[in-house]
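Visitor: with the input below, show me the fold.
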Amino acid sequence: MSPLASMLGLTFAVLAFSTGSGAVTTTILEPIKSSGDEVGLIFFPGAYIPTDAYNKTARAIQEASDLRVWAALTGGYSQNLVYGWDMEDAVDDAIRELKAAGMKSDAYVGVGHGWGGRFLSMYAPETNLTALILMGATITRKTDLKDYPLPVLTLAGELDGVNKITRVVEEFDKLRDEVDGFFKGVYRNPVVLIKGANHASFVSGELPAQLKPIDLAANISQADAHAMIGRHVNSFLTATFSTDDALVDTALDELVDQFVRTVRKLQPFIDVRNLGTDGEESMWTNLAQVVFAGEYGSQLGVSNELEKDVWFYGEKPTISLKGDDVVVSTYSVVDDEKEPDHILLLPVRESPHEIAMKLISKDAIWKALDSHNDVNLRSQPNTCESLNRLALYLALSQSSKESRERYLASGQPIIFEKDARVMANFLWMPSPLSVRQDREGLHVKSIAMVTKDYHYCKVLPPYRAMEWVNVDSLRAFPNPLI
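Guide: Prediction:
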């Protein structure tokens, strides 16, 4: 059975069955420090991952922490899969075991990896947990961090192929919005990106066969990743639970430092995503229109309106002359609808599939400026393919130097094919951007409709190109998620 089929089977299992294993076990790791504020970490494993794979991760946290950290590693789940209905009993059992082992505090923190983290975020508010640490996982898409009832540390791997960096971007953007009005969000709900880490960096040993083909290759050792995890978790736990003011001040400084580092890495993703659409207009469509205007781009005033498919069919871009300038109104649809990720337990494409844009043709711009026109403009026809190439150029320029070098060295390339032209709007509208993968790379072909007045394109969004460069191109062919 392929990894994709296996993971889809997991999804259907979640939807179809509702009985717990009844055999959940708890392994206690006692603190290595003899004094300090106590906190108990209750671990929930990722899909198919055995309990003991988290021993070294837990020990690294204990070694790095200023607190007296207990750890309870839960396991024994049916088929090595944590389900939501397991959560409350597993938490209660772990708390009983921690208390029996000598823990006095009521500071219990759920630690979930991948699949376990996803379910933990959904069910933790119904338990006696007081905070969460998500490793290679996020809270559900429909929930804003500022509205989540518990403090949450989101630890993400830069090269995590299961919980992709583009999924983390969405959570970080929520945090950034919260920080604008309430800076304590940096401390209560930090999102930390671990450079060079992948999904397997949160455990010891290899991922199971169902996950390994989906993950990317890490650039750091698991030991180095565990040390970083320990430092970041310590900052969060100290800021949340410590009674030592000096330790808290140091922890808060470290969280702010990590926030700034994460901004530097993720802000370009946010900027490129918002260039495609910010929810109100598509600046990429406006830029495409300026590119199509060629040497007259400086004389062009462009506006854009995002439409839904039902209205988009009948819309046509308009052009008018205002003094020496041309005013153009464009229309576009950005296919960025996503399914709820608490049901889809596979990583999904976080970027839009395509941008459908209705532009004014070069000939129409040339004609509007007929008192100033240059015949050379008409000898340089535009193509939707050129916009796809521009999207990749932008994605590469906005990616980090390391990401560019990694893509150029080992990523599957994007292969741009000539536009497929159709003769009428009713043929163009239902025809999607063509994207297919083979051993050569990702083949991208635009659908175009060109008349003397209009140039319609289905194009590759810059953010999709950026997701390909940074994540999806790095998986071996055949890619189970394409």
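
Visitor: residues touching residue 307, list them.
Guide: By Cβ atoms under 8 Å, 6 or more residues apart in numbering, the contact set of residue 307 is 315, 331, 332, 333. All C-beta spots, glycine's among them, are computed from the backbone N, C-alpha and C.

Visitor: centre of the chain to the one helix or strand residue 397 maps to, how far?
Guide: Assigned by DSSP states H and E, residue 397 belongs to helix 384-398. The chain centroid and the centroid of helix 384-398 are separated by 20 Å, computed with Cα atoms, centre = their mean, to the nearest Å.

Visitor: what residues does whatever helix or strand comes next after that helix touch?
Guide: Next helix or strand after helix 384-398 toward the C-terminus (DSSP H and E): helix 401-410. Contacts with helix 401-410, where a contact means Cβ under 8 Å, 6+ apart, come from 219, 396, 399, 469, 470, 473, 474.

Visitor: picking up where we left off before, output the helix holding residue 397 as PDB - backbone C-alpha positions only.
Guide: What follows is helix 384-398, C-alpha atoms only, in PDB (Å, rounded to 0.1, in the frame of the first residue of the first chain):
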ATOM      1  CA  CYS A 384       0.500  33.900 -19.900                       C
ATOM      2  CA  GLU A 385       3.600  31.700 -19.800                       C
ATOM      3  CA  SER A 386       5.800  34.800 -19.200                       C
ATOM      4  CA  LEU A 387       3.700  35.500 -16.100                       C
ATOM      5  CA  ASN A 388       4.300  32.000 -14.800                       C
ATOM      6  CA  ARG A 389       8.100  32.500 -15.300                       C
ATOM      7  CA  LEU A 390       7.800  35.800 -13.400                       C
ATOM      8  CA  ALA A 391       6.000  34.100 -10.600                       C
ATOM      9  CA  LEU A 392       8.900  31.600 -10.200                       C
ATOM     10  CA  TYR A 393      11.500  34.500 -10.400                       C
ATOM     11  CA  LEU A 394       9.600  36.300  -7.600                       C
ATOM     12  CA  ALA A 395       9.400  33.100  -5.500                       C
ATOM     13  CA  LEU A 396      13.200  32.500  -5.800                       C
ATOM     14  CA  SER A 397      14.000  36.100  -5.100                       C
ATOM     15  CA  GLN A 398      11.900  36.100  -1.900                       C
END
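
Visitor: could we number from 776 for the rest of this?
Guide: OK, 776 is where the count begins now, so the last one is helix 1159-1173.

Visitor: please narrow the contacts of residue 1082 to those residing in strands.
Guide: 1106, 1107, 1108 (DSSP state E).

Visitor: those residues into TSV, with extra columns for neighbour count and distance to residue 825?
Guide: Listed next are the ones in strands among the contacts of residue 1082 as TSV, based on neighbours: other Cβ atoms under 10 Å; distance: Cβ to Cβ, whole Å:
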residue	neighbour count	distance to residue 825
1106	23	54
1107	26	49
1108	24	46
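
Visitor: I'd like those laid out as TSV, including distance to residue 815 and pLDDT.
Guide: Formatted as TSV, these follow (distance: Cβ to Cβ, whole Å; pLDDT from 0 to 100):
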residue	distance to residue 815	pLDDT
1106	56	95
1107	51	95
1108	50	94
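
Visitor: nearest to residue 871, of these?
Guide: residue 1108 (54.6 Å; Cβ to Cβ).

Visitor: show me what the closest one is bridged to.
Guide: Taking DSSP bridges as the rule, residue 1108 bridges to residue 1131.

Visitor: that one reaches residue 1127, doesn't it?
Guide: No - in this structure residue 1108 lies outside contact range of residue 1127 using Cβ atoms under 8 Å: 9.6 Å.

Visitor: contact partners for the nearest residue to residue 868 once chain neighbours are set aside?
Guide: In space, residue 868 comes closest to residue 801 once its chain neighbours are excluded; the distance is 5.6 Å by Cβ to Cβ, 6 or more residues apart in numbering. Residues near residue 801 by Cβ under 8 Å, 6+ apart: 847, 848, 849, 850, 865, 868, 869, 872.

Visitor: let's have those in TSV, adding pLDDT, distance to residue 1030 and neighbour count.
Guide: Shown next, in TSV, are the contacts of residue 801 (pLDDT from 0 to 100; distance: Cβ to Cβ, whole Å; neighbours: other Cβ atoms under 10 Å):
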residue	pLDDT	distance to residue 1030	neighbour count
847	98	25	25
848	98	26	24
849	97	27	27
850	94	31	22
865	95	29	30
868	96	32	17
869	97	27	30
872	97	30	19
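
Visitor: and the residues you listed, which is closest to residue 961?
Guide: The nearest one, if we look at the contacts of residue 801 relative to residue 961 and count by Cβ to Cβ, is residue 847, at 28.3 Å.

Visitor: the helix or strand where residue 817 lies - contacts with which helices or strands?
Guide: Using DSSP H and E, residue 817 falls within strand 813-819. When contacts are defined as 3 or more Cβ pairs under 8 Å, 6 or more residues apart in numbering; DSSP states H and E, strand 813-819 packs onto helix 830-839, strand 843-850, helix 859-876, strand 883-888, helix 890-898.

Visitor: so what are the sheet partners of the shortest one and their directions?
Guide: Strand 883-888 sits in its sheet next to strand 813-819 (parallel), strand 906-910 (parallel), going by DSSP bridges.

Visitor: how about it as CSV, C-alpha atoms only?
Guide: Extracted in CSV, the C-alpha atoms of strand 883-888 (Å, rounded to 0.1, in the frame of the first residue of the first chain):
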residue,chain,number,x,y,z
TYR,A,883,0.2,20.0,33.2
VAL,A,884,1.3,20.7,29.6
GLY,A,885,0.2,18.6,26.7
VAL,A,886,2.9,18.0,24.1
GLY,A,887,1.6,16.7,20.7
HIS,A,888,3.6,15.7,17.6
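
Visitor: let me have the helices and strands packed on strand 813-819 in JSON lines, extended by distance to residue 972.
Guide: Shown next, in JSON lines, are the helices and strands packed on strand 813-819 (distance: least, Cβ to Cβ, whole Å):
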{"stretch": "helix 830-839", "distance to residue 972": "12"}
{"stretch": "strand 843-850", "distance to residue 972": "20"}
{"stretch": "helix 859-876", "distance to residue 972": "26"}
{"stretch": "strand 883-888", "distance to residue 972": "12"}
{"stretch": "helix 890-898", "distance to residue 972": "15"}
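
Visitor: any idea which of the ones you listed is most buried?
Guide: Among the helices and strands packed on strand 813-819, strand 883-888 has the highest mean neighbour count (mean count of other Cβ atoms under 10 Å), at a mean of 27.
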